[in-house]
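K.L.:
Sequence first, then the predicted structure:
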Amino acid sequence: MRAAVATNQNYDDPLSCLELRDWTLPEPREGWTRVQLRAASLNPHDLWTLRGVGHPKEHLPIVLGCDGAGVTDDGREVVIHPVLGDPDRGYGDLTLDPQRALLSETIDGTLAEYVLVPERTLVSKPASLTFAEAACMGVAWGTAYRMLFTRGNVGPGSRVLVQGGNGGVASAAIALASAAGARVYATARTAEKRAFARSCGATEVFENGARLPERVDTVIETIGEATWSHSLKSLRPGGTIVIAGATSGAMPPADLARVFYQQLSVVGSTGSTKPEFEALLRTVDATGIRPQIEAIGFDEIPQGFERMLAGDVAGKLVVEFSRDGAV
């Protein structure tokens, strides 16, 4: 089979370490299930692997791809929950397991014709979702779901700010919060990206750093240094920032005086548990909200990553595989 493989790591030139190549077809074994991929999405995590950030070089070469949906050997249509670990080591929460990993960190990922995963990671695909839509759910939408509803306590009537509203997690957060009855503000750098955020369900969209009409209860933060000050200043007293990424840098001025005087909460969030993932799939099935996707072919994976590096992606890029498995 063909696969997109990380063969080396280079922070400054990550795509030099990506190869589209032949790879050994995985064979099923006890407790593990083989899935023929129908769709798999690209994630920034793949680029971090190629750059060598948070991914030990001794795990290379490895097939990239955290998210996917497809058909098992016995004909089940499934979506893969991408977080691997043991809830018992995480005090009942898989995402708190110190040894947790995302798919493609310790075992081969989904940017291939087939993937072999633990049976416990598989969830039935809702019939209302296409394979391409389902392939966006694991990392981006699962992360957004946990940020909003488990860590951020967002509900009907909540006021939410989503920073960088064109990204995969951010656009998912806009759609999910809006569907939950929240008033959603978003920021984005360009007029085109602001229009995209509005199309995802944002109530109002602003330039980065702009003053909002009101202070918010919750900020969904994945940008880090570039937006941190604005995030703190946009919160009402007692409000909460939920952070699940720091793409512009991880060491902003903390502004501790504001944090303690306004009694703000800064809450970290990573991935999603399997029950949260299953609840997410029920939510999108019931509400009809969907990811905004752009389909690409297998051979376009390098160009897709180039666009991600350039910040030229709104929503999710999804690789679609044909029914016979050919790429």
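P.N.:
Alright, I've got the coordinates. Numbers count the residues shown, from 1 in each chain.
K.L.:
Centre-most residue in this protein?
P.N.:
Using CA atoms, centre = their mean, the residue of the chain that lies closest to the mean C-alpha position is residue 140, 2.0 Å off.
K.L.:
Wasn't that residue part of a helix?
P.N.:
Yes - read with DSSP: H, G, I helix; E, B strand; the rest coil, residue 140 is one of the residues of a helix.
K.L.:
Next up, phi/psi of the closest residue to it other than its chain neighbours, please.
P.N.:
Excluding the flanking residues, the one nearest residue 140 by CB to CB, 6 or more residues apart in numbering is residue 168, at 3.6 Å. For the C-beta atoms, the positions are set from N, CA and C on the backbone; glycine is no exception. Torsion angles at residue 168 (phi, psi; degrees, to the nearest 10) stand at phi -60, psi -50.
K.L.:
Flag the shaky bits of the protein, pLDDT-wise.
P.N.:
323-327 (pLDDT under 70).
K.L.:
Go through it and flag its longest helix.
P.N.:
helix 274-287 (DSSP state H).
K.L.:
how distant is it from the center of its chain?
P.N.:
On the basis of CA atoms, centre = their mean, to the nearest Å, helix 274-287 is displaced by 15 Å from the centre of the chain it belongs to.
K.L.:
Which residues does the helix or strand following it contact?
P.N.:
Next in sequence after helix 274-287, counting helices and strands by DSSP states H and E, comes strand 293-296. Where contact means CB atoms under 8 Å, 6 or more residues apart in numbering, the residues beyond strand 293-296 that reach it are 41, 132-133, 136, 303-304, 313, 315-320.
K.L.:
at 6 Å instead, please
P.N.:
132, 304, 315-320 (CB atoms under 6 Å, 6 or more residues apart in numbering).
K.L.:
so what's the nearest residue to residue 204 once chain neighbours are set aside up against?
P.N.:
Excluding its sequence neighbours, the residue lying closest to residue 204 (CB to CB, 6+ apart) is residue 185, at 5.5 Å. When contacts are counted by CB under 6 Å, 6+ apart, residue 185 touches 161, 204, 212.
K.L.:
Need the buried ones from those residues selected in ChimeraX.
P.N.:
Buried residues within these, by 16 or more other CB atoms under 10 Å, are selected in ChimeraX with:
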select :161
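K.L.:
can you list the contacts of residue 185 in TSV and add secondary structure and distance to residue 58?
P.N.:
Output for the contacts of residue 185, formatted as TSV (DSSP: H, G, I helix; E, B strand; the rest coil; distance: CB to CB, whole Å):
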residue	secondary structure	distance to residue 58
161	strand	40
204	strand	48
212	coil	46
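K.L.:
Present the contacts of residue 185 as CSV; the columns should include distance to residue 291.
P.N.:
Below are the contacts of residue 185 laid out as CSV (distance: CB to CB, whole Å):
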residue, distance to residue 291
161, 21
204, 22
212, 26
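K.L.:
Check the contacts of residue 185 against residue 2 and report the nearest one.
P.N.:
Each of these was scored against residue 2 by CB to CB, and residue 161 proved nearest at 41.8 Å.
K.L.:
do you know how far the closest one is from residue 290?
P.N.:
23 Å (CB to CB, to the nearest Å).
K.L.:
ok, now residue 238?
P.N.:
Distance from residue 238 to residue 290, by CB to CB: 34 Å.
K.L.:
Is residue 194 in a helix, a strand, or coil?
P.N.:
Once three-state DSSP is applied, residue 194 turns out helix.
K.L.:
whoops, I mixed them up, residue 219
P.N.:
Looking at residue 219 with three-state DSSP, the answer is strand.
K.L.:
tell me the contacts of residue 240?
P.N.:
152, 218, 265, 267.
K.L.:
Grab the nearest non-local neighbour of the second one.
P.N.:
Same thing as residue 218. residue 152 (4.5 Å).
K.L.:
Am I right that that neighbour is in contact with residue 242?
P.N.:
Yes - counting by CB atoms under 6 Å, residue 152 touches residue 242, with 4.4 Å between them.
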